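1. My questions concern the predicted model and sequence given below.
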Amino acid sequence: MAKDPFWSNLFRRRSEQEDELYEILSQVPIFQDLGRREFERVRGILHRRTYGEGEAIVREGDVGVGMYVILSGEVSIVQQGTDGQQLELAQFGPGDFFGDQVLLDESPRTASVLTRSTTRAVGFFRPDLLELIERNPRLGLKIVMRLSQMISVRLRQTNRLLKEARGRARKAEEDLAAAAASDEQEPAVPTST
């Protein structure tokens, strides 16, 4: 390392940024199983972006091309309601990710992602994943397997929530039917004139 403090700080900063990227991405499920050497191969195809406050990272209805991992800042996940109003579904911050299902299919985005503050993110795009699979099948398969596990877990959670919602709806219908039946069976109270 150079003895000049200007140069040593410059190189240390870059190393710290790379370490920060590794620390954050190693917590993202599809990258969790990657060793440092495998991560270095993936790091080369990641797309770093900085977004200003109020900027859209993705827009609802647009065809998606990849996922994003937030390095710093905050975003809101919003959907257009039937009444035309925006409905905030969630807020994400550093280490959170979105859009991973687009790595498997290029379907339209189901929500928009808007920055709440200046946000740094990395994009991992489907064409790059497909090229990685072609160049390094073992590494590509590792990522795709983790991706499919994540989607499988989400599907099971969605099925559980749907089952619970159906159970609550069925119970509400039964309660309404029981209330209506008891109203019909009550004898009419005579009124005096």
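-> On my side now, so go ahead.
2. Could you use CA atoms for every contact and neighbour count after this?
-> OK.
3. can you tell me which residues contact residue 99?
-> The contact partners of residue 99, taken as Cα atoms under 8 Å, 6 or more residues apart in numbering, are 64, 66, 67, 68, 109.
4. I'd say the first one and residue 100 touch.
-> No - contact between residue 64 and residue 100 fails when scored by Cα atoms under 8 Å: they sit 9.6 Å apart.
5. Next, the contact list for residue 38, please.
-> So residue 38 contacts residue 139 (Cα under 8 Å, 6+ apart).
6. Quick one: mean pLDDT for the top helix by length along the chain?
-> In the chain, with assignment by DSSP state H, the single longest helix is helix 137-185. Taken as a whole, helix 137-185 carries a mean pLDDT of 90.
7. List the ones among the contacts of residue 99 that fall in strands.
-> Assigned to strands by DSSP state E, the following of the contacts of residue 99 qualify: 66, 67, 68.
8. and the second one, how many neighbours does it have?
-> In this case it means residue 67. Using other Cα atoms under 10 Å, residue 67 is surrounded by 19 other residues.
9. So which residue is dead centre in this protein?
-> Closest residue to the average C-alpha location of the chain: residue 98 at 2.4 Å, with Cα atoms, centre = their mean.
10. quick one, phi/psi of that one?
-> Dihedral angles of residue 98 (phi, psi; degrees, to the nearest 10) stand at phi -150, psi 160.
11. check contacts around it.
-> By Cα under 8 Å, 6+ apart, residue 98 lies in contact with 67, 68, 69.
12. Which one of those is nearest to residue 55?
-> Residue 55 has its nearest neighbour among the contacts of residue 98 in residue 68, at 14.4 Å by Cα to Cα.
13. and that closest one, what pLDDT?
-> Predicted confidence (pLDDT) for residue 68: 96.
14. how near is it to residue 85?
-> Computed as Cα to Cα, to the nearest Å, the residue 68 to residue 85 distance reads 25 Å.
15. Between these two, which is the more surrounded one?
-> Neighbour totals were compared for residue 68 and residue 85, and residue 68 leads with 23 against 10 (other Cα under 10 Å).
16. tell me the contacts of the residue nearest to that one when sequence neighbours are not counted?
-> Of all residues not flanking residue 68 in the chain, residue 123 sits nearest, at 4.4 Å (Cα to Cα, 6 or more residues apart in numbering). Listed by Cα under 8 Å, 6+ apart, the contact set of residue 123 reads 46, 47, 48, 49, 66, 67, 68, 69.
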